[in-house]
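Peer 1: Next one to model:
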Amino acid sequence: MVDRGASALSLPDDWPAHPDPILALNRMGSFDWDLDSGLFHMDAQAHEVFDVRPDEFDDNPMSLAVRIPRAEAHRLDALVAQAIKDGSENYGTYFRLRCRDGTLRWTHTQGYIRRDETGRPRRIVGIVRDATQEMGELEDRREQAAQDEARRRQTNVVQLTTAALAHARTVQDVIDVLKDTHGLTHLGATSLVMGLVEAGRIRLIAEGPAGSFVPGTDITRIDEPYPMSEAVRTLTPRFIESPEEFADRYPILWPHLTGLRITSAAYLPLIAEARPIGAMGLLYSDRYGFTPEDRNVLIALGSSIAQSLQRAMLYEQEKDLATGLQQAMLPRTIPSVPGADVAVRYRAASPEGSLARDIGGDWYDLIPLPGGRVGAVIGDVQGHDTHAAAVMGQLRIVLRAYAAEGHTPAAVIARASVFLHELDTDRFATCLYAEADLATGVVQAVRAGHIDPLVRHADGTCRRVPVEGGLPLGLSAEFGQLEYPVATLELDPGGTLLLCTDGLVEQPGADLDDGMRTLTSLIGVGPADVWELADRLIDVAEERGGNDDVALLLLRRRSPDTQQSGGRLQQHVAPGDPEALTGARHMIRAAVGAWGARERSDEIELVADELITNALMHTEGAAIVTLRVLTGSDRRMRVEVEDSSSALPRRREAGDSGVSGRGLLLVDLLSDVWGVEARGGGKCVWCEFVVPERT
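Peer 2: Model prediction:
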């Protein structure tokens, strides 16, 4: 305490002050401290509080140093000095003193500072009392408050973790929530371990921190002596409250954990629908034991995690099935098309909603056609579910079949619409079918409620190609509007035709035309390579996200460095029209001479005449004769004769006196290669002749 030394001034007449009897009755001691003389008078009750006998105290405050620890004495001196300096009238504080037996106990003191008429402090009169019980109650309240706060924090962590788990869609999402620094680590856990039950074993799916993996525990049997195995086997938590208990109960596992300085651990079974789906372990390095409240909180947390984990597992299972269905419905491979580079891409929707929206009815297809032609399809079945995907798969197959049969583009779309209508489903579909002749670059496009195609030219400029369209597939058949207009466009060498679904164009709150303009600009500055351009467009769709899937098909017409058509003539020959037949023969003879194939003129004319005659004799309709030159590794002349009969030609034995039956034999002997292709309701018989280059 403050020692002001003795003073020559006489003490006041009322010094020392006489204590109020009420103080003694309340077990309070009093003191009167003369600041001028430094004398510190205490009554008998104060002696008891300070645990000193009267003969041990000589009114000198320094005599109390044996009872007041040095740190407490410095704090009291500073408190009194500050009160005197500030002009305060009183002060009060709790401090600890050391009793005769060496124990510490809490004491409370309160002093009143008396000053003279000039404001100078002259004396301090105050009380001291034993505050052991009071401070004990205060400590109890503080401890209870700390426990309540800890419990509140734990409950808050459980609530926050449960809320975060509500947004977890995959097992990895669940793991990320649990390992997040704002997650379970607030409970003080040093390490986390989690495993899933699979075929009588536990497969480890998460462990942390880095370096805490125990060799040989990535897959363990449920009957092995590990805490997670016990939790799964017994369906009850395992609380380990000390290192000694851990070492005693799990001697195989403990040596691998000593480096983590584990002091306790909690292993919780993850139970969903009354069966264990996994287990989780929380390891601590700064706590011993678990209170009943701690255990209840952790058990509640384990239940919440189990529900989220089961939901995530079911989601992933369904997603795998949905993804498998989607992939099965789309073409597994895209055929190589001579004269073109083709790139296709598909991106599933990535919404925040249910799994059902992760699969849709978007599709693409590429169909090689006779005569160097190719059919490109893009479509979108209404809806985002497995039913939409199933309808898409059926529609893709029949549309491919109609195109391969040789129907015109308008007929292909019309027949597909009828099929979808007769499928007796509540879905409709938008579609765009483009048939490109890679030899000439002529593209015929038919649009059924779909967005327009785009063309990127060899110089990088890109434009939207307006195509007059009809109703979506299914609806046009329902309303009897099956007449689809056909648009013709030119695709120059190096040009790229782009077909896509609206998921690549539409954005929430944006106009479709604005989206098409944005896409056109993006294609214009994109890479020339179709595969790189496709990747760029899909990356943009990924960054944007959205609730719709995306299908994309890019077809680039190569420069004429592979087999292309060097010329093309066509003649229609009606039955019973000898002039038309004569005209077709003259056309063939003139073309053979003009195209420099005179050395094979007789063979070509004879085979062509045989094919035309067969078409007119064995069918009831007309014949369409097409003659073209194909250039490439070798130069070929191709003759095509198309009729309206689906009956395939067959070889017959002519016999010794027969005058017919040798037509196909002549075709086979004289041509280098020949074949038959379906064309709509009829067929096309073709043959090719290798002819030397013109000099």
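Peer 1: my read: L666 touches L611, true?
Peer 2: No. At 9.8 Å, L666 does not count as touching L611 under the criterion of CB atoms under 8 Å. To be clear about C-beta, it is placed using only N, CA and C from the backbone, and glycine gets the same treatment.
Peer 1: Counting neighbours, go ahead and name the busier of the two.
Peer 2: L611 (28 against 15; other CB atoms under 10 Å).
Peer 1: Just list what the host helix or strand of the more buried one packs against, helices and strands only.
Peer 2: Using DSSP states H and E, L611 maps to helix 601-618. On a contact count with 3 or more CB pairs under 8 Å, 6 or more residues apart in numbering; DSSP states H and E, helix 601-618 meets strand 564-573, helix 578-594, strand 623-631, strand 636-643, helix 663-670, strand 682-690.
Peer 1: Need the winner for burial among those.
Peer 2: Stretch with highest mean neighbour count among the helices and strands packed on helix 601-618: strand 636-643 (a mean of 23; mean count of other CB atoms under 10 Å).
Peer 1: residues contacting V337?
Peer 2: Contacts for V337 were tallied using CB atoms under 8 Å, 6 or more residues apart in numbering; they are 366, 368, 374, 438, 555.
Peer 1: Derive a ChimeraX selection command for the buried subset of those residues.
Peer 2: Buried subset of the contacts of V337, written as a ChimeraX selection, criterion 16 or more other CB atoms under 10 Å:
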select :366,374,438,555
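Peer 1: okay, who's weakest in the contacts of V337 by pLDDT?
Peer 2: Lowest-confidence member of the contacts of V337: L438, scoring 84 (pLDDT).
Peer 1: In PDB, could you pull the C-alpha coordinates for stretch 597-613?
Peer 2: Output of stretch 597-613 as PDB, limited to C-alpha atoms (Å, rounded to 0.1, in the frame of the first residue of the first chain):
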ATOM      1  CA  ALA A 597     -13.200 -40.200-120.400                       C
ATOM      2  CA  ARG A 598     -13.500 -41.300-124.100                       C
ATOM      3  CA  GLU A 599     -11.400 -44.400-123.500                       C
ATOM      4  CA  ARG A 600     -14.100 -45.700-121.200                       C
ATOM      5  CA  SER A 601     -17.000 -44.200-123.100                       C
ATOM      6  CA  ASP A 602     -18.500 -47.500-124.300                       C
ATOM      7  CA  GLU A 603     -18.400 -49.100-120.800                       C
ATOM      8  CA  ILE A 604     -20.000 -46.100-119.200                       C
ATOM      9  CA  GLU A 605     -22.700 -45.700-121.900                       C
ATOM     10  CA  LEU A 606     -23.600 -49.400-121.800                       C
ATOM     11  CA  VAL A 607     -23.900 -49.600-118.000                       C
ATOM     12  CA  ALA A 608     -25.900 -46.400-117.800                       C
ATOM     13  CA  ASP A 609     -28.200 -47.600-120.500                       C
ATOM     14  CA  GLU A 610     -28.700 -50.900-118.700                       C
ATOM     15  CA  LEU A 611     -29.500 -49.100-115.400                       C
ATOM     16  CA  ILE A 612     -32.000 -46.700-117.000                       C
ATOM     17  CA  THR A 613     -33.700 -49.500-118.900                       C
END
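Peer 1: buried set for that stretch?
Peer 2: Result for stretch 597-613 [16+ other CB under 10 Å]: buried residues 597, 600-601, 603-604, 607-613.
Peer 1: Just flag the most distant two among these.
Peer 2: Spatial extent of the buried residues of stretch 597-613 (CB to CB) is set by the pair A597 and T613 at 21.4 Å.
Peer 1: picking up where we left off before, could the helices and strands packed on helix 601-618 be laid out in a markdown table, adding distance to D223?
Peer 2: Converted to a markdown table, those look like this (distance: least, CB to CB, whole Å):
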| stretch | distance to D223 |
| --- | --- |
| strand 564-573 | 71 |
| helix 578-594 | 85 |
| strand 623-631 | 72 |
| strand 636-643 | 74 |
| helix 663-670 | 74 |
| strand 682-690 | 70 |
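Peer 1: As TSV, those with distance to A44 and mean pLDDT would be great.
Peer 2: TSV is the format used below for the helices and strands packed on helix 601-618 (distance: least, CB to CB, whole Å; pLDDT from 0 to 100):
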stretch	distance to A44	mean pLDDT
strand 564-573	124	69
helix 578-594	140	82
strand 623-631	128	84
strand 636-643	131	88
helix 663-670	138	85
strand 682-690	130	87
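Peer 1: Looking at these, which is nearest to D452?
Peer 2: Comparing the helices and strands packed on helix 601-618 by CB to CB, strand 564-573 comes nearest, at 27.6 Å.
Peer 1: Relative to P121, how far out is L76?
Peer 2: 16 Å (CB to CB, to the nearest Å).
Peer 1: Please enumerate the strands of the stretch 351-500 of the chain.
Peer 2: 361-369, 373-381, 429-437, 442-448, 454-456, 462-464, 469-470, 487-490, 496-500 (DSSP state E, counting those that start in this stretch).
Peer 1: Any idea which of these gets closest to L321?
Peer 2: Of these, nearest to L321 by CB to CB is strand 361-369, at 16.4 Å.
Peer 1: Low-confidence ranges, the stretch 101-250 of the chain, go.
Peer 2: 146, 149-151, 153-155, 157, 180-188, 208-213 (pLDDT under 70).
Peer 1: what about 90?
Peer 2: Within the stretch 101-250 of the chain, the segments meeting pLDDT under 90 span 101-105, 116-119, 130-195, 198-200, 204-220, 223, 225.
Peer 1: where exactly do the helices run in it?
Peer 2: 132-165, 171-179, 227-234, 243-249 (DSSP state H, counting those that start in this stretch).
Peer 1: Could you find the closest non-adjacent residue to D365?
Peer 2: Excluding the flanking residues, the one nearest D365 by CB to CB, 6 or more residues apart in numbering is V377, at 4.2 Å.
Peer 1: What is the burial count for the closest residue to S191 other than its chain neighbours?
Peer 2: Among residues not flanking S191 along the chain, L283 sits closest, at 4.1 Å (CB to CB, 6+ apart). L283: 23 surrounding residues under other CB under 10 Å.
Peer 1: doesn't L283 fall inside a strand?
Peer 2: Yes. Applying DSSP: H, G, I helix; E, B strand; the rest coil, one finds L283 inside a strand.
Peer 1: My read is that E405 contacts G682, right?
Peer 2: No. Between E405 and G682 there is no contact under CB under 8 Å: 9.4 Å.
Peer 1: shared neighbours of those two, anything?
Peer 2: With CB under 8 Å, 6+ apart, E405 and G682 have no common neighbours.
Peer 1: circling back: among the strands of the stretch 351-500 of the chain, which comes closest to A410?
Peer 2: So among the strands of the stretch 351-500 of the chain, strand 442-448 is nearest, using CB to CB, at 5.4 Å.
Peer 1: now that closest one, how far from the centre of its chain.
Peer 2: 36 Å (CA atoms, centre = their mean, to the nearest Å).
Peer 1: Give the rounded mean pLDDT of that strand.
Peer 2: 92.
Peer 1: Walk me through which strands that strand pairs with, and which way each runs.
Peer 2: Take DSSP bridges as the rule and strand 442-448 pairs in its sheet with strand 429-437 (antiparallel), strand 469-470 (parallel), strand 487-490 (antiparallel).
Peer 1: other SSEs contacting the helix of greatest length in the chain?
Peer 2: Identified as the longest helix of the chain according to DSSP state H is helix 292-329. When contacts are defined as 3+ CB pairs under 8 Å, 6+ apart, helix 292-329 packs onto helix 132-165, helix 171-179, strand 264-272, strand 275-284, helix 386-404.
Peer 1: on that earlier part again, just put the strands of the stretch 351-500 of the chain in JSON lines and tack on distance to T109.
Peer 2: Formatted as JSON lines, the strands of the stretch 351-500 of the chain follow (distance: least, CB to CB, whole Å):
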{"stretch": "strand 361-369", "distance to T109": "83"}
{"stretch": "strand 373-381", "distance to T109": "86"}
{"stretch": "strand 429-437", "distance to T109": "89"}
{"stretch": "strand 442-448", "distance to T109": "95"}
{"stretch": "strand 454-456", "distance to T109": "90"}
{"stretch": "strand 462-464", "distance to T109": "89"}
{"stretch": "strand 469-470", "distance to T109": "96"}
{"stretch": "strand 487-490", "distance to T109": "101"}
{"stretch": "strand 496-500", "distance to T109": "85"}
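Peer 1: Alright, that wraps it up for me.
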